[in-house]
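**Student:** Quick one, what's the 3D model for this:
(one chain, ligands or ions: 1)
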Amino acid sequence: MQFPKGFEEKYRQLLGEEAGVFFDSFDEKIEKGYRVNPMKIASDKLICNEKIPYTSFGYFGVISGKSIEHTTGVVYSQEPSAQFVAEVASPKPNEKVLDLCAAPGGKTTHLASFLQNTGLLVSNEIMPKRAKILVENIERFGVRNCVVTNETPKRLAKQFPQFFDRILVDAPCSGEGMFRKDFAATQYWREDYPQECARLQREILHEAMKMLKNGGELIYSTCTFSPEENEETIAWLLHEYPELTLLPIKKYEGMSSGVPEWANGNEELTKCVRLFPHKMRGEGHFVAKLRKEVSEEKSKKQKFLKTNLTREQVSLWRGVEQDLLNKKLTGTLYTFGSELYLVPSEFLEIDKLKIARLGLHLGTFKKNRLEPSFALGVALSKEETKRHLELSEEQFLTYVSGNTVLLDEPIHSSGFYQILVLGNGLGFAKVVRNVVKNFYPKGLRVY
Ligand SMILES: C[S@@+](CC[C@H](N)C(=O)[O-])C[C@H]1O[C@@H](n2cnc3c(N)ncnc32)[C@H](O)[C@@H]1O
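**Tutor:** Numbers count the residues shown, from 1 in each chain. So this is what the prediction gives:
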């Protein structure tokens, strides 16, 4: 690989004898991986590949973006070393979790796999276009308890002081671990780029700290190797916030400790973990985990979001619920124009925040009825719906390309049915006799 000017010299100095194998690893093949969604039904084909040893849901291998497994959110493609981050975070059910730099959603969907639709996951992305992709990935994964915000960390911090049990800052970085995957990353790199990124990371962490509650955990990660953005950033955090302590992280074969000499010599930094591409199968990452402990923290008043539905809207929703669902969903019903959402109960009343997804989209009010949403039909399991229709592989291809599917036999009662493919939901569609009308969202269609 042709490295940018200054890169080789820097790492020759830092890594000494190891530098050669480190540089050679950039010419090796990219390591691919995927995670299996524990909230969906996975076929044997997905779980027969080699397991990634340090993850709960990960496998080495490639799954096509056009496959049924990807389309129904049974898998999320993610390179192996990136899968260590949410594993280190491992949120517990019912926690309030923030993923502050979340798009496109690799770590968010992984965090959601631990939460299993309990508690609250707030996934934030500053760039509007990337926030849209984040929403798509979260919906495909069938996550119900996630609110997606499109905000600056500073504006978010004003709304959620000392609120979260766990915050992940998967920081924007100089992306040296992306060099093999993405040639463009080598083009952005300049000698002072790591330092510039480090400044931004400190700003983001400063806001993250305002949102972390006492006893809460902060997980910091990058996909770069530079000490400025890794050990030095953590050394800065520990100095700036004496209430933080580094927590040990279990290291698996091939993982390295953080290097104190690359920052201020603080031995605690060995608790951080480095994943190098010449030492293990993956592109490379850095992860640190810290806990906030203060003797006393004034509790902040919290106002939970209240429902804003009219009586008529509630009754339309109850009608759909009774007609299509086998269970009652919990949360706060909230409308944005004609769209109905189910917001996790722990979510707060918010003032002027840019929201890209206010929890689970339940449906759209149309004149005197409520049409169930695509997201709802993806998020629910077969057992949770009263009426469903399994499509064959061939019918799946017809459906995702936006066409009407014709059934061999007419169904008994017309109406909305949950569409299933290999047992997993792919939205709702209106079925009249033997015609399945196409309700697959236009933006997702494959032609
Ligand atoms: C490393 S990527 C996140 C990857 C993501 N966590 C995943 O696993 O799919 C960092 C993200 O930070 C966002 N970002 C850039 N500048 C930011 C800022 N000033 N504050 C917060 N996020 C920022 C980028 O748009 C990008 O989506």
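**Student:** contacting residues for the residue nearest the centre of the chain?
**Tutor:** Computing the C-alpha centroid of the chain and ranking residues by Cα atoms, centre = their mean puts Thr108 first, at 1.7 Å. Counting by Cβ atoms under 8 Å, 6 or more residues apart in numbering, Thr108 makes contact with Asp99, Ala102, Leu121, Ser123, Leu134, Asn137, Ile138, Val143, Cys146. Using the backbone N, CA and C atoms, a C-beta is placed for each residue, glycine as well.
**Student:** Next, give phi and psi for Phe416.
**Tutor:** Main-chain dihedrals, Phe416, degrees, to the nearest 10: phi -80, psi 130.
**Student:** now do His70
**Tutor:** Taking degrees, to the nearest 10 as the convention, His70 sits at phi -70, psi -50.
**Student:** what about the helices in the stretch 251-400 of the chain?
**Tutor:** 311-324, 374-379, 393-400 (DSSP state H, counting those that start in this stretch).
**Student:** and these as JSON lines, adding mean pLDDT and distance to the ligand?
**Tutor:** Output for these, formatted as JSON lines (pLDDT from 0 to 100; distance: least, Cβ to the nearest ligand atom, whole Å):
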{"stretch": "helix 311-324", "mean pLDDT": "97", "distance to the ligand": "32"}
{"stretch": "helix 374-379", "mean pLDDT": "98", "distance to the ligand": "19"}
{"stretch": "helix 393-400", "mean pLDDT": "97", "distance to the ligand": "24"}
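**Student:** a markdown table for these, including mean neighbour count?
**Tutor:** Below are these laid out as a markdown table (neighbours: other Cβ atoms under 10 Å):
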| stretch | mean neighbour count |
| --- | --- |
| helix 311-324 | 15 |
| helix 374-379 | 25 |
| helix 393-400 | 16 |
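**Student:** closest one to Gly258 among those helices?
**Tutor:** Relative to Gly258, the nearest member of those by Cβ to Cβ is helix 374-379, separated by 38.6 Å.
**Student:** Which positions in this structure make contact with the ligand?
**Tutor:** Residues of the chain lying close to the ligand (Cβ under 6 Å from any ligand atom) are 101-107, 125-127, 130, 153, 170, 172, 200, 204.
**Student:** Give me the subset of these lying in strands.
**Tutor:** Asp170 (DSSP state E).
**Student:** Show me which residues of stretch 55-65 are buried.
**Tutor:** Using 16 or more other Cβ atoms under 10 Å as the test for burial, stretch 55-65 gives Thr55, Ser56, Phe57, Gly58, Tyr59, Phe60, Ile63.
**Student:** Ok, stretch 287-299 next?
**Tutor:** So stretch 287-299, judged by 16+ other Cβ under 10 Å, has buried residues Val287, Ala288, Lys289, Leu290, Lys292.
**Student:** before we move on, the earlier item: any of the residues of the chain next to the ligand buried? List them.
**Tutor:** Taking 16+ other Cβ under 10 Å as the criterion, what is buried in the residues of the chain next to the ligand is 101-107, 125-126, 130, 153, 170, 172, 204.
**Student:** Those in helices, which ones?
**Tutor:** Gly106, Lys107, Arg130, Pro153, Ile204 (DSSP state H).
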